[in-house]
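In: let's see this in three dimensions:
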Amino acid sequence: MDFNEAKKTCSANKEKVLFIQNSFEKSFVASLLVEGRKYWSGRFQNGARYTTGQVEEQPDKNKNCTMIIMEKAFNMWSSQQCSSKARVICRSAVDGVSTNPSPYSTQTSAASTSCPPEWLSVPQSNTGQSEEQRNFCFQVNAPDRLLWRTWFQAREHCRAQGAELASVQKFTEARLLGHHLSKVVKHNAWVGLIDNDKDTNWVWSDGSAFDQSQWSYNKPDNVQNSEYCGGILSYYSGRLDDLDCETAQPWICGIQKGLSIKPLIELNHTAAENITENTWYLFGDDEYLFRLNKTKGFHEAQKECMQEGGHLASIHQDSERRFLWKKLMFNHHEAFWIGLNLNFDGHFVWTDKTPLDFVYWAKSEPNFYLMMETCVTMNCKNGQWNDDNCGYKMPYICKRRVGARESITEAPTLPAPGACHLGWNTLGNQCYRMFGRNETEVMDWVAANSFCHSKGGYLASIQNSLQQAFLTTLLHSMESLVWVGLSDRMKEGKFVWAGHTATGYTYWGKGQPIESSMSKDCVALSTNPMHAGEWSVHKCMTEYAFICETRKDHFAVASPTPFRLIRGMPYEGTVYTILQEKKSWWEAKKACSKNGGGLASVPNGLHQAFLTIQAFHFGRPLWIGVFSNTSTEEYKSVDGRELQFSAWGPGEPQVASGCTILSADGSWTTEYCSSAHSAVCSIVAGKSSIREKETSFGSCPEILNGKKWIPWRNHCYLFELKKHARWPYAVRQCIQHGGKLLSIHDKAENSFVLTKLRFAENQTENVWMGLFTNRKQKLFWQDETPVSFTKVIKGYSRNRCGVFSVKDALWEWIGCEESLGYVCKTRKEMTIPQRKSTSASGSWQLPNGDLAVCFADGPRSWSSLVCAEKSTWTTSKL
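Out: Residues are numbered from 1 along each chain as shown. Sure thing, here's the model as predicted:
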């Protein structure tokens with residue numbers, strides 16, 4: 001119809017041809033129109049004008065009527081001949097409702113320049129000289145989380161007051177609102193920014209122009225093509241972010257100063273549903289349980305869901321995702337576990353084995369951060385998915401078919417097909433290998449984990465006492481600490497494993513983990529025999545040996561499984577045998593003696609770990625050589641010596657006068673000696689793997705106060721561990737005792753010192769040695785011997801002196817003013833027997849069977865080194 005026909009049509013119902021007074025009406029009308037069609041408008045009737053905030057549009061003087069052309073942007077009116085044809089929309093007033101000016105009208109009241117109570121405004125003094133002041137007021141709405149709103153709900157609330165979702169067009173406004181949010185709620189908030197047509201044509205809901213420079217860094221990013229509404233970030237600069245319009249959060253209303261606020265009438269908005277802990281919620285053919293308070297690691301959560309007859313939730317369409325998200329967005333948690341996780345083949349799969357036909361990843365996810373994230377969460381704020389470490393304890397969502405009630409039994413762990421590659425050790429379905437026995441193979445924690453990943457696995461994880469014992473047996477002859485996959489690098493104080501393993505079992509050493517040491521984030525196993533396998537935290541950049549863990553390879557050639565039950569099981573110089581027939585402790589002791597051995601005593605943690613594995617495989621408790629004397633009620637070794645090592649279970653020893661069994665989990669338990677059990681016998685087949693090659697002639701100095709020099713090879717060593725001193729004072733003390741601060745010249749000597757320190761009565765972490773540097777950082781020994789061997793780690797700086805680290809047998813640098821124990825060292829002296837003749841050569845038979853011949857003018861004492869240098873000694877076998 002033409003324009004006159006349109007007027008008649010509307011007038012017949014006492015209405016007028018559509019005219020638009022402000023941006024709000026413009027947005028409303030746009031939602032009614034059909035794209036590509038034309039509509040008559042009475043917007044220029046009676047000389048009225050409408051300002052969009054961008055271009056003030058005037059009618060064409062040669063044409064009499066105005067037409068709306070509904071195109072994608074809906075920002076143009078066109079002057080047309082009144083005889084043109086178009087559709088019409090009529091407009092009428094609602095009875096009892098007065099017309100109010102726009103909250104962003106440029107017509108302001110001179111009578112009032114203040115804001116309503118509890119509304120904010122930018123103080124005049126804070127306005128920049130180059131920035132024109134806008135006389136606006138802002139209302140920050142940050143109610144209880146359950147009352148947060150979506151973008152459209154927030155706009156509805158603002159308009160109900162005669163206001164609008166805020167447009168933020170000045171830097172001072174952005175700074176005011178961002179700073180205020182950071183103080184009152186610490187959360188982002190909705191403002192009036194929207195991309196109505198989903199074409200990146202962002203506008204303010206009041207129709208005003210938007211400055212693209214207001215975006216935060218790398219925004220807008222329109223994650224998953226679902227972010228078409230704008231919010232202001234909760235920090236000082238007040239930059240803007242694009243979000244899913246269905247996200248619930250605080251919001252900010254705005255209104256021109258001088259305009260009155262309407263009494264607020266809520267329009268069909270109720271608080272979000274507060275989900276309850278034990279209620280199943282229906283969606284389609286499935287029902288869902290939201291575990292808010294029972295936070296679990298991913299794998300524990302899956303077991304809990306199976307007990308409820310379901311699995312961790314799988315999600316197969318966006319409507320299902322939004323259903324779950326709407327339930328989650330108002331609770332206080334950050335994220336919930338869903339059932340997606342990375343399998344050992346490197347593919348994401350659902351725990352309920354349904355197809356992976358829908359994903360909703362957050363931006364840049366999954367990122368497999370630090371190669372430690374293999375399980376998936378749904379973020380409560382936006383419903384997007386993120387990969388995370390499986391060990392973190394979080395709330396979770398269970399899902400089951402309607403009517404499913406019976407608990408799902410977890411399938412038993414069956415032997416996986418395939419085998420471990422040659423050189424790897426097998427335990428269950430896992431393969432383990434130690435790297436770093438060669439000093440060129442040691443790595444820092446990150447590099448070690450990356451190396452293990454290149455082998456198809458991770459740094460080793462430990463879930464139970466059997467795995468702990470198994471890995472401990474691999475530590476024999478190691479001097480360096482050994483990295484495993486536990487760390488709190490991702491979240492301070494939250495230790496998780498690098499692989500798929502849940503966190504539950506622990507084996508911390510005394511005083512570990514060190515809570516106050518934020519720089520020590522990675523976990524290593526102790527190789528100290530008395531504390532073998534104990535966990536402790538260290539700086540991740542330190543280079544240690546490490547253990548990798550992988551799954552069995554389907555195509556690998558089987559390598560032998562170590563430590564299987566055979567008649568004679570050798571380990572570290574001792575051969576163990578299982579006595580299967582059940583006997584009393586005394587009968588078992590006698591039976592072991594008949595075979596040339598005895599009931600097994602446990603000298604240290606390495607042997608304890610080895611025997612734990614045997615007890616596990618055997619499946620029954622085993623007598624060991626530990627008992628209590630009736631008269632003293634003190635538990636001792638079978639040979640009567642005091643225990644140097646123990647592994648008592650909780651509350652043990654309970655029996656005052658009894659004997660000891662090794663349980664299948666490796667713990668020691670007391671029993672009455674008359675009880676019948678199998679036993680483990682042992683025969684010491686040789687000396688310790690570290691043989692102290694003492695020279696059988698020569699002597700060490702005597703010293704006062706009961707201190708004793710320990711002979712080894714051609715030197716003597718004094719371990720002063722009770723009395724601590726600064727490095728310069730330790731140097732003087734050693735000189736007074738006839739020696740110098742410790743120098744070390746080969747791996748064997750390093751191992752000798754390590755062994756003595758680890759088995760010392762007064763154990764310590766570090767002791768002074770005679771290592772120092774000059775200004776050019778060249779190494780020197782205090783006894784002036786050449787530096788021909790080194791175990792120095794990085795980190796030298798001025799005013800630091802060398803220490804021997806007991807935990808890893810490495811040499812470190814510590815401030816010289818620290819007070820520590822110290823080790824002195826001197827050469828052995830050999831006293832030559834006096835001879836009557838002073839002119840002819842003579843000979844003596846030495847205790848080791850050598851013949852010593854000395855050419856000298858008289859009796860003297862020399863060290864063997866002096867004689868060798870002077871070529872005055874020759875030796876030959878008698």
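
In: elements contacting the host helix or strand of Trp40?
Out: Counting by DSSP states H and E, the element that carries Trp40 is strand 38-41. Other helices and strands packing on strand 38-41, by 3 or more Cβ pairs under 8 Å, 6 or more residues apart in numbering; DSSP states H and E, are strand 65-69, strand 87-88. Bear in mind the C-beta positions are built from the backbone N, C-alpha and C, glycine included.

In: buried residues in that strand, which are they?
Out: Buried residues in strand 38-41, defined by neighbour count with 16 or more other Cβ atoms under 10 Å: 38-41.

In: could you do stretch 611-623 as well?
Out: So, applying 16+ other Cβ under 10 Å, buried residues of stretch 611-623: 611-616, 618, 621-623.

In: for Trp350, which residues make a bridge with it?
Out: Leu340 (DSSP bridges).

In: pretty sure it sits against Ser314.
Out: Yes - with contact defined as Cβ atoms under 8 Å, Trp350 reaches Ser314; the gap is 4.0 Å.

In: what secondary structure does the spatially most central residue of the chain sit in?
Out: With distances taken as Cα atoms, centre = their mean, Met490 lies nearest the centre of the chain, 3.3 Å away. In three-state terms, and counting by DSSP: H, G, I helix; E, B strand; the rest coil, Met490 is coil.

In: next one: stretch 294-305 to chain centre, how far?
Out: Distance of stretch 294-305 from its chain centroid, counting by Cα atoms, centre = their mean, to the nearest Å, is 18 Å.

In: could you pull up the mean pLDDT of it?
Out: Mean pLDDT, computed over stretch 294-305, is 94.

In: what residues of it count as buried?
Out: Counting neighbours by 16+ other Cβ under 10 Å, stretch 294-305 gives 295-302, 304-305 as buried.

In: same check, this time on stretch 515-524
Out: 520-524.

In: narrow the buried residues of stretch 611-623 to those in strands?
Out: Among the buried residues of stretch 611-623, the ones falling in strands (DSSP state E) are 622-623.

In: which of the buried residues of stretch 611-623 lies closest to Ser114?
Out: Proximity of the buried residues of stretch 611-623 to Ser114 (Cβ to Cβ) peaks at Thr612, which lies at 78.3 Å.

In: contact partners for that closest one?
Out: 465-466, 469, 662, 665-666 (Cβ atoms under 8 Å, 6 or more residues apart in numbering).

In: any chance of a ChimeraX selection covering the buried ones in those?
Out: A single ChimeraX command selects the buried members of the contacts of Thr612 (16+ other Cβ under 10 Å):
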select :465,466,469,662,666
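
In: what residues are up against Asp488?
Out: 494-496, 513, 521.

In: now the residues you listed as JSON lines including secondary structure, pLDDT and distance to Asn425?
Out: Converted to JSON lines, the contacts of Asp488 look like this (DSSP: H, G, I helix; E, B strand; the rest coil; pLDDT from 0 to 100; distance: Cβ to Cβ, whole Å):
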{"residue": "Lys494", "secondary structure": "coil", "pLDDT": "92", "distance to Asn425": "30"}
{"residue": "Phe495", "secondary structure": "coil", "pLDDT": "94", "distance to Asn425": "25"}
{"residue": "Val496", "secondary structure": "strand", "pLDDT": "95", "distance to Asn425": "24"}
{"residue": "Pro513", "secondary structure": "coil", "pLDDT": "91", "distance to Asn425": "27"}
{"residue": "Asp521", "secondary structure": "strand", "pLDDT": "93", "distance to Asn425": "27"}
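
In: which of the residues you listed sits closest to Glu320?
Out: Of the contacts of Asp488, the one sitting nearest to Glu320 (Cβ to Cβ) turns out to be Val496, at 29.1 Å.

In: could you list the low-pLDDT ranges of the stretch 251-400 of the chain?
Out: 265-274 (pLDDT under 70).

In: cutoff 80 now
Out: 264-277 (pLDDT under 80).

In: what ranges does it have for its helices?
Out: 298-307, 318-328 (DSSP state H, counting those that start in this stretch).

In: which residues pair with Trp813 across the strands?
Out: With DSSP bridges as the rule, Trp813 is bridged to Gly802.

In: these two touch, right, it and Val803?
Out: Yes - between Trp813 and Val803 a contact is recorded at 7.4 Å, counting by Cβ under 8 Å.

In: which one of the helices of the stretch 251-400 of the chain lies nearest to Arg641?
Out: Of those, nearest to Arg641 by Cβ to Cβ is helix 298-307, at 44.3 Å.

In: now that closest one: how far from the chain's centre is it?
Out: 21 Å.

In: repeat for stretch 173-188
Out: The answer for stretch 173-188 is 31 Å, by Cα atoms, centre = their mean.

In: as a whole number, average confidence for that stretch?
Out: Stretch 173-188 comes out at a mean pLDDT of 90.

In: then stretch 665-683?
Out: According to the model, stretch 665-683 has a mean pLDDT of 93.

In: flag every buried residue along that stretch.
Out: For stretch 665-683, by 16+ other Cβ under 10 Å, it's 666-671, 673, 677-683.

In: can you put these in TSV and add distance to Leu779 and secondary structure?
Out: Output for those, formatted as TSV (distance: Cβ to Cβ, whole Å; DSSP: H, G, I helix; E, B strand; the rest coil):
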residue	distance to Leu779	secondary structure
Gly666	43	coil
Ser667	46	coil
Trp668	46	strand
Thr669	51	strand
Thr670	52	strand
Glu671	56	strand
Cys673	57	coil
His677	56	strand
Ser678	55	strand
Ala679	53	strand
Val680	48	strand
Cys681	49	strand
Ser682	44	strand
Ile683	45	strand
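
In: how does the chain divide up, domain by domain?
Out: 3-91, 133-256, 280-401, 425-551, 569-684, 710-827, 830-877 (automatic domain parsing).
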